[in-house]
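Enquirer: fold the following.
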Amino acid sequence: MLCDVCDHEMRQVPTDPALQREQVWLCSWCYALTFLGIGPQEVSRPTYEPMRLRWERATGTGLPAGVSHAYGYFGTTLCGVRQDAVSASPYPWVPHWDDACQACKEAAAVIDRRWPVEKRGSNHRVQGRPSPDSDWPPF
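Expert: Got it, this is the predicted structure:
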């Protein structure tokens, strides 16, 4: 599936098996998310959020103490620390805090620049149901 923001390839994010109908897709370039099947045949596309509001703080054993990392999906921080136990916490990652990982800040800034400015408005990403001739994966 191609991203509706930047036309790069998207990857399916593993979800809870109990949510059999829900699919979560992540753009590998601009990190735009698309949710399929939350409601009956519904597509949900969160809009652009600036760096300071976009990322969750990473949590997991083995992450260095005293450094706040941004979670980048698939068990990886934005700066590339990869461990099976790394996941998103319920807390935000704020890039201007003193303990924020510098490499995560740099990666977040690069990803932020990849989201085209003309596609950052709240009305850009259309929500709703896919059309019958859509190429969206089946539910």
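Enquirer: what's the helix or strand bottoming out on mean pLDDT in the chain packed up against?
Expert: Scoring the helices and strands of the chain by mean pLDDT, DSSP states H and E places strand 43-44 at the bottom, with a mean of 80. Under the contact criterion of 3 or more C-beta pairs under 8 Å, 6 or more residues apart in numbering; DSSP states H and E, strand 43-44 touches strand 33-36. (Each C-beta comes from the backbone N, C-alpha and C, glycine too.)
Enquirer: strand partners of the strand it packs on, parallel vs antiparallel please.
Expert: Strand 33-36 sits in its sheet next to strand 23-27 (antiparallel), strand 43-44 (antiparallel), going by DSSP bridges.
Enquirer: what sits up against the longest one?
Expert: In this case it means strand 23-27. Residues outside strand 23-27 that contact it (C-beta atoms under 8 Å, 6 or more residues apart in numbering): 1, 3, 5-6, 8-13, 15, 32-37, 73, 137, 139.
Enquirer: repeat for stretch 9-22
Expert: Contacts of stretch 9-22 (C-beta under 8 Å, 6+ apart): 1-3, 23-29, 34-38, 73-74, 139.
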